[in-house]
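*Asks:* When you get a sec, could you give me coordinates for this:
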Amino acid sequence: MTILDQILADTRALVLRRKTEVPVAALETRAAFTAPTLSLAAALRRDGGPKQPPAIIAEIKKASPSKGVIAPDFHPIDTARAYKQAGAAAISVLTEPTHFQGSLDILGKVRHAADIPLLRKDFIVDAYQLVEARAYGADAVLLIAAALDPVHLRDLHDTATAIGLECLVEVHDADELGALDLDRVQILGVNNRDLKTFDVDVERAPRVLADVPERIVRVAESGLRDAADLAMLRQRGIDAVLIGETFMRARHPGDALASLRRATADRLAHSLRLAS
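*Replies:* Below you'll find the predicted structure:
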C-alpha cells in the first residue's frame with residue numbers, strides 16, 4: 001500500500017464516522033455555509049506577462065507523512081495574518097488530521113483571521129467533505145485526480161460548484177490531465193511531488209501544463225523553495241504556486257513569504273533587462 005492509498009483509506013473511514021457525528025443538516029446551519037465566498041481563480045490569475053511574479057498560495061500545515069512535524073511551534077492564526085500582510089494571494093489550510101495533523105477547526109479559525117481566499121487542502125473523496133469545507137469558511141477545495149476516478153472527480157467538481165466552492169484540480173502527469181473534462185476546470189494544478197514515492201521534480205508543472213487552454217489558471221505545487229524556482233515557473237507560463245514547507249519551517253513564515261516575493265520580482269526584472 002502506497003502512502004496515498006493509506007491516506008485515502010484513513011480518510012474514508014474518518015468521513016464515515018464524521019457523517020454520523022455531525023450530519024449535513026447541522027453543517028448547513030453554520031454561518032459560513034451561506035456566507036459569500038471569495039474567488040480563488042480571480043486572486044491567482046496573472047495577465048501581466050513574465051514580468052509579473054506568480055501569485056502565491058501560502059500554506060498552513062503542521063506536519064506531513066514524509067517529513068514528520070514541520071512546525072513544532074504552530075500558530076495558525078498568527079501565520080494567516082502574517083501571510084496576508086506579506087502579500088499572499090490566498091491561503092491553503094491542511095485539514096487532514098491523521099497524517100498532517102490538520103483540522104477543520106484550524107480552517108475555521110483562519111477564516112476569521114484573514115479575508116483572502118481560503119483553500120481547504122485535504123483528500124476529498126465524498127461530497128460530505130465539500131459541505132464541511134463550505135461550513136468552515138473555505139472558498140475552494142482541492143480535488144486530486146490520483147485519488148478519484150474521472151466520473152467521481154467530475155461529480156464532486158459539479159457539487160462543489162453548486163454550493164459556491166471553486167476547485168483546484170490537481171494532476172501529476174499527462175495521463176491524468178488527458179482524463180479530465182477541461183471544459184469544467186477553472187484552476188489546474190500539478191503536484192511536483194509524486195504522491196506514491198514523494199520524490200520532487202520542480203519542472204513537472206510547466207511540462208504537464210504547457211498546452212492547457214489559456215483561460216485555465218495554472219498552479220505549480222510542492223517542492224518549491226527559492227526565487228529561481230518561481231521565476232523559472234513564471235517564465236514558462238505558471239500563474240501561481242502553492243508553498244507550504246518552506247514557509248512553515250521559517251521562524252517567521254510571513255517574513256519568509258515577503259522575502260521570496262521580493263527576490264522573485266528582482267530575478268524576473270533582471271531577466272527582462274538581460275533580454276532587452
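
*Asks:* what comes into contact with the one helix or strand Val151 maps to?
*Replies:* Here Val151 sits within helix 150-162, counting by DSSP states H and E. For helix 150-162, the external contacting residues (C-beta atoms under 8 Å, 6 or more residues apart in numbering) are 124, 127, 130, 133, 141, 143, 145, 148, 166-167, 169, 179-181, 184-185. The way it works is simple: take the backbone N, C-alpha and C, and place the C-beta from them, glycine included.

*Asks:* quick one: which two of these are the most distant?
*Replies:* Using C-beta to C-beta, the contacts of helix 150-162 span at most 23.6 Å, a distance reached by Ala133 and Ala179.

*Asks:* Please identify which of those two sits among more neighbours.
*Replies:* Ala133 (30 against 14; other C-beta atoms under 10 Å).

*Asks:* hang on, the more buried one is in a helix, isn't it?
*Replies:* Yes - with the criterion set as DSSP: H, G, I helix; E, B strand; the rest coil, the secondary structure at Ala133 is a helix.

*Asks:* what about the strands in the stretch 51-200 of the chain?
*Replies:* Secondary structure of the stretch 51-200 of the chain, counting by DSSP state E, counting those that start in this stretch: strands at 55-60, 63-64, 68-69, 90-94, 118-121, 140-144, 166-171, 187-191.

*Asks:* And the average pLDDT for the third one is what?
*Replies:* So the one you mean is strand 68-69. Mean pLDDT, strand 68-69: 95.

*Asks:* need the helices for the stretch 151-276 of the chain, in chain order.
*Replies:* Using DSSP state H, counting those that start in this stretch, the helices of the stretch 151-276 of the chain run over 174-178, 204-209, 227-235, 245-248, 253-275.

*Asks:* And those: which comes nearest Leu94?
*Replies:* For the helices of the stretch 151-276 of the chain, the distance to Leu94 is smallest for helix 245-248, at 9.7 Å, taking C-beta to C-beta.

*Asks:* helices or strands up against that closest one?
*Replies:* Contacts defined by 3 or more C-beta pairs under 8 Å, 6 or more residues apart in numbering; DSSP states H and E place helix 245-248 against strand 55-60, helix 253-275.

*Asks:* Out of those, which gets nearest to Arg81?
*Replies:* That would be, of those and by C-beta to C-beta, helix 253-275, which comes in at 7.7 Å.

*Asks:* buried set for the closest one?
*Replies:* Across helix 253-275, burial judged by 16 or more other C-beta atoms under 10 Å covers 253-254, 256-258, 260-261, 263-265, 267-268, 271.

*Asks:* Give me the buried positions along stretch 45-65.
*Replies:* Of the residues in stretch 45-65, those scored as buried under the neighbour-count criterion (16+ other C-beta under 10 Å) are 45-46, 53-64.

*Asks:* wait, stretch 84-100
*Replies:* For stretch 84-100, the neighbour count (16+ other C-beta under 10 Å) marks 84, 86-97, 99-100 as buried.

*Asks:* so how far is Ile60 from the most centrally placed residue in the chain?
*Replies:* Within the chain, one residue has its C-alpha closest to the average C-alpha position: by C-alpha atoms, centre = their mean, that is Ser92, at 5.1 Å. Noted for Ser92: a distance of 7 Å to Ile60, by C-beta to C-beta, to the nearest Å.

*Asks:* Overlap of the contact sets of these two?
*Replies:* Overlap between the contact sets of Ser92 and Ile60, as judged by C-beta under 8 Å, 6+ apart, is given by Gly244.

*Asks:* thinking again about what came up before, with respect to pLDDT, which of the buried residues of helix 253-275 ranks lowest?
*Replies:* Among the buried residues of helix 253-275, Ser271 carries the lowest pLDDT, at 88.

*Asks:* Asp5 - how many residues pack around it?
*Replies:* Neighbouring residues of Asp5 were enumerated by other C-beta under 10 Å; the total is 12.

*Asks:* Wasn't it part of a strand?
*Replies:* No - Asp5: not assigned to a strand; according to three-state DSSP it is helix.

*Asks:* Got the confidence number for it?
*Replies:* 92.

*Asks:* what's the answer for Leu195, then?
*Replies:* Per-residue confidence (pLDDT) for Leu195: 64.

*Asks:* where are the low-confidence patches of the stretch 1-150 of the chain?
*Replies:* Applying pLDDT under 70 to the predicted model, the stretch 1-150 of the chain contains no residue that meets it.

*Asks:* the helices in it, which residues?
*Replies:* Taking DSSP H, counting those that start in this stretch as the criterion, the stretch 1-150 of the chain carries its helices at 3-21, 24-27, 40-44, 76-85, 97-100, 104-113, 127-135, 150-162.
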